[in-house]
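> based on what follows, work out the 3D shape:
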Amino acid sequence: MITKSCGGWIGAHLLLALFVALGCMSVTSAQVETGQISGTVLDPEQKVIPGAEISVKGLETGLLRTTLSNDEGVYTVSNLQPGVYEVTVEAPGFGKQSQKAQLTVGSRMGLNFSMKLQEVAEQVTVLGSEGVKVETLTQTLSSVVSQQQIKELPTLTRNPYDLVSLSGNVTPDTSTNVRGTGYNINGQRSASTNIMLDGSDNNDLYFANVGMSVPIDSVQEFSVITSNFSAEFGRATGGIVNAITKSGGNSFHGSLFEYNRVSKLSSNSYDNNANEVEKGIFTRNQFGYSVGGPIKRDKLFFFSSTEWIRVRSFSPSITLVPTPELLAASSKATQDFFKSYSLETPINGRIYKKSEVSGVNAAGAFAALPAELPAFGQVIMNEPTDAGGGYPQNHYQSLHRIDWNISENTTLYGRHAIQSIDYLLGTQSFSPWKGFNTGTKSFNNSSLLSLTRVLSPTLVSQSKVSFNRLSNEQPLGDQPAGPTLYFFRNTAAYVNNYLVALPGYLPFNPGVAIPAGGPQNLGQLFEDVSWNKGKHDIRLGASYLYIRDNHTFGAYQNAVETLGANRGQALDNLVLGNLIQFDAAIDPKGAYPGDTITLPVGAPDFSRSNRYHEAFFYLNDSWRIRTGLNLNLGLRYEYYGVQHNKLAEKDSNFYYGSG
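Next comes the predicted model:
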C-alpha cells in the first residue's frame, strides 16, 4: 500500500543482509528496471587478471559498453536495459572469450571468465536468469515473468498483471474490493503493493489499484519482488511489481491479433439454472497490433502497440416497481413524487396483488388496501453487466516508445502510454426509471524520459522524469441531481425475493455517491548512480514526487430518502407519503456540529484538490568479501508530506466539543 500520513512523518530503515550462496533462493535483485552484469576475470591458475578489457554489446540494439577489470579482477557493467547481450573479454597473452547472456528486469547477473593462454576464441551461451536458482549476490526474494511466459501463457482478459500469480509467496485476493494487482503478496493485503511501469510510479492512489494498463504485447517482462527489498525499493509493505515495456531493435518485428469470446461457447451459471433464468449474452473482441524496428541502425529505434477492447454484454434483470393502481391508492404526496418519473420499460412481468406481499404490518396503511389491488409489478430488462466477458465497454490501450543510442556512453529513451475506457450506460447506476442509467469514463496518460550516462568505466548514472495523469469520471445521467427514494437506509429492499427499484440514482445502493471522479496528477524526478569501487558495488539515488489528487466524491449530493426501518413500515409510509429519515449534504456556511443553521441552505462544494510531496533517498553497498560471501548494506530514508487542500478552508474538519 502507498501509505500517506495525515501529518508529516519521516521513516528510515536500515537493511542488513548477510548470506552464503547455499542459503538464499531468488531470481532477481532490486535494481529498479535496469540490470547489471558483473564478474571476475581469472587466469588458468585462478589468479585474478587486472586490466582485462570487457565489452558488453546489446544484440537487439547494437548498444556497446566497455570497461576494465580492476585490481581484484572484478568488472561491473550496470544500468543495462533488459535484453540479450554478448560479453567479450580480452587480455594480453590470453585468448578472447565471449559469452551470451539474457539479462532480465532488475537482475544482477554474475558472469565469470577463466581465460586460456592459447589464442583460441571461445563462446558460451548463458541462459537468462529465469526460473529459480541459487542467488549469490543479493538477499532479495523475487521472480521474473519473462517475455516468453507473457507471450505463451493464456490470460483470459490479456491482462499482464494476471501473471503475477506465477510468482511464489502470492495468493489471489478473493475479497469484494480487489486492490493492487489482485494478489496478496508476502501475506499482506493486495493494496499493500507498489506498482511501477518502467521503474516509475503506476499507482491509482485513491483506489489503491493499478494506475493504468498497457497492451500485453508491449510488455517486455516484469519482476515481482515479494520480500527482503534492497534499499532501492520502498513505498510498500507487501510486494513490488515492476513492468518493463518493449523497445525496438535492429530488426523489424510485429504482430496483428484478434481474440474473440462469445456467450454461445459458455455455460450458464448455477444460480441462473436454479432459477430457470437464461444465461447472459456477451461478445468480447480484443484486437490490435505491435510493431518495432530501427529508424537508424544501431542508433535510433521505435516501438508501438495498441489494443482495442469491445464488449457487449447483458443479462436479464427483474426488478419490482409500484403499480399505477398502488400509486393511485396512495397519498397526494406519493403521487406528486412519482409524477416526475417514468419507466424505461412498462411493467412486463408478473404483477403481485396486495395480498401476495409478505412482511406487511397488519394494522398499517398498506394492509388496509383492497386484497386484490395490484401492488407491485415486474420490469424485465436487459441489464448491461458482466455476463462472462466483462462489463460493456469501448476501451483502448496504446504505448509508444523511442530509444536513442546517442553515443557509446549515453542512451536516452522516451515512452508515452494512453488508456481510454468508456463503460456504457447502466454499468454504474442501473434503474428501470428513465434517466438514471450511468456509466464510467477513464482517460489515463503516462509519460517517461530516461537518460543513462557512463561517466567512467566504474561510474554510471540514470536520470528519469515521469508524469502520470489518471482521470476517472462517474457522471450523472440525464436526470439532474436529486433525491433517491429507498425502502431502507443502508440496504437494498426485496419484496417476494425481488429487488425493489424506486426513482433515483443507484436505487440498490443507499449512500453510494455519484457524481464522482477527477484527475490524479503525479510528477516524479529520479536520479540513480552506480559506482564500482574494488569489492564494493555501491548504488545510491534519490527521488521526489509531487502529487495532486483532485478526486471528488459527491456524498449525499443525491439525497437519501428513507421510508422505513422494516418492510412493513416502508410499505405503510409509501402509501402515506411519509419518510422516517432524510439525508442530504448541505453547505454549513462555517457552522459546526451542534450549531444552528438558518434556512434555506444549499449544496456544498464537493470539489477537492489535495496536494502532497514525497521524497526518498537510498544507499546500497554490495560488498564481495570473498567468493560465495556477500554483505549487503542498505539505508533508505523516506518522507511523506502532509496532505493539504489547495484551499485552506477545505482542509480542517476539527471542531471543539462541549468539554
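
> separation between the residue nearest to Ser227 when sequence neighbours are not counted and Leu153?
In space, and not counting its chain neighbours, Ser227 is closest to Leu141: 4.1 Å by CB to CB, 6 or more residues apart in numbering. Just so you know, the C-beta spots here come from the backbone N, C-alpha and C atoms, and that holds for glycine as well. Distance of Leu141 to Leu153, given as CB to CB, to the nearest Å: 22 Å.

> which stretches of this structure have low pLDDT?
Low-confidence segments of the chain (pLDDT under 70): 1-32, 118-138, 652-659.

> how about the helices in the stretch 551-659 of the chain?
Using DSSP state H, counting those that start in this stretch, the helices of the stretch 551-659 of the chain run over residues 567-576.

> please enumerate the strands of it.
Per DSSP state E, counting those that start in this stretch, the stretch 551-659 of the chain has strands spanning 552-553, 560-562, 581-583, 610-626, 629-640, 644-645. These are given in chain order.

> the stretch 101-250 of the chain now?
108-110, 113-114, 122-126, 133-134, 141-145, 170-172, 183-185, 193-197, 200-201, 203-204, 209-210, 219-227, 239-245.

> adding mean neighbour count and distance to Leu571 as columns, could you present the strands of the stretch 551-659 of the chain in JSON lines?
Converted to JSON lines, the strands of the stretch 551-659 of the chain look like this (neighbours: other CB atoms under 10 Å; distance: least, CB to CB, whole Å):
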{"stretch": "strand 552-553", "mean neighbour count": "17", "distance to Leu571": "32"}
{"stretch": "strand 560-562", "mean neighbour count": "22", "distance to Leu571": "13"}
{"stretch": "strand 581-583", "mean neighbour count": "13", "distance to Leu571": "16"}
{"stretch": "strand 610-626", "mean neighbour count": "18", "distance to Leu571": "44"}
{"stretch": "strand 629-640", "mean neighbour count": "19", "distance to Leu571": "52"}
{"stretch": "strand 644-645", "mean neighbour count": "14", "distance to Leu571": "44"}
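
> Gln520: which of these is closest?
Using CB to CB as the measure, strand 610-626 is the one of the strands of the stretch 551-659 of the chain that comes nearest Gln520, at 9.5 Å.

> what's the separation between the most centrally placed residue in the chain and Asn202?
Residue closest to the average C-alpha location in the chain (CA atoms, centre = their mean): Val210, at 0.5 Å. Val210 is 7 Å from Asn202, where distance means CB to CB.

> who touches the closest residue to Asp605 other than its chain neighbours in this structure?
Once its chain neighbours are removed from consideration, Asp605 has its nearest residue in Asp587; the separation is 7.3 Å (CB to CB, 6+ apart). When the contact criterion is CB atoms under 8 Å, 6 or more residues apart in numbering, the partners of Asp587 are Val601, Gly602, Ala603, Pro604, Asp605.

> quick one: which of these has the most company?
Neighbour counts for the contacts of Asp587 peak at Pro604, which has 16 neighbours (criterion: other CB atoms under 10 Å).

> isn't that one up against Ile586?
Yes. The pair Pro604 and Ile586 passes the contact test of CB atoms under 8 Å, sitting 6.5 Å apart.

> before we move on, back to that, show me whatever sits in contact with both of Val210 and Asn202.
Taking CB under 8 Å, 6+ apart as the contact criterion, the residues that touch both Val210 and Asn202 are Ile195.

> residues of the longest strand seen in the chain that come out buried?
Looking across the chain with DSSP state E, the single longest strand is strand 300-322. Along strand 300-322, these residues count as buried under the neighbour rule (16 or more other CB atoms under 10 Å): 300-301, 303-309, 311-315, 317-322.

> could you do stretch 478-495 as well?
Buried residues in stretch 478-495, counted by 16+ other CB under 10 Å: Gln479, Gly482, Pro483, Thr484, Leu485, Tyr486, Phe487, Phe488, Arg489, Ala493, Val495.

> all helices for this structure, in order.
Applying DSSP state H to the chain gives helices spanning 147-152, 270-274, 324-328, 332-339, 567-576.

> how far off centre is the last one?
So the one you mean is helix 567-576. Relative to the centre of its chain, helix 567-576 is centred 44 Å away, using CA atoms, centre = their mean, to the nearest Å.

> just checking, what packs against that helix?
Secondary-structure packing of helix 567-576 (3 or more CB pairs under 8 Å, 6 or more residues apart in numbering; DSSP states H and E): helix 332-339.

> CA atoms of the helix it packs on as PDB?
As requested, C-alpha coordinates have been extracted for helix 332-339 and formatted as PDB (Å, rounded to 0.1, in the frame of the first residue of the first chain):
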ATOM      1  CA  LYS A 332     -51.200  13.000  -2.800                       C
ATOM      2  CA  ALA A 333     -47.500  13.400  -1.700                       C
ATOM      3  CA  THR A 334     -46.700  10.000  -3.100                       C
ATOM      4  CA  GLN A 335     -48.500  10.700  -6.300                       C
ATOM      5  CA  ASP A 336     -46.800  14.000  -6.800                       C
ATOM      6  CA  PHE A 337     -43.400  12.500  -6.300                       C
ATOM      7  CA  PHE A 338     -43.900   9.700  -8.800                       C
ATOM      8  CA  LYS A 339     -45.400  12.000 -11.400                       C
END
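
> fine, thanks again, bye for now.
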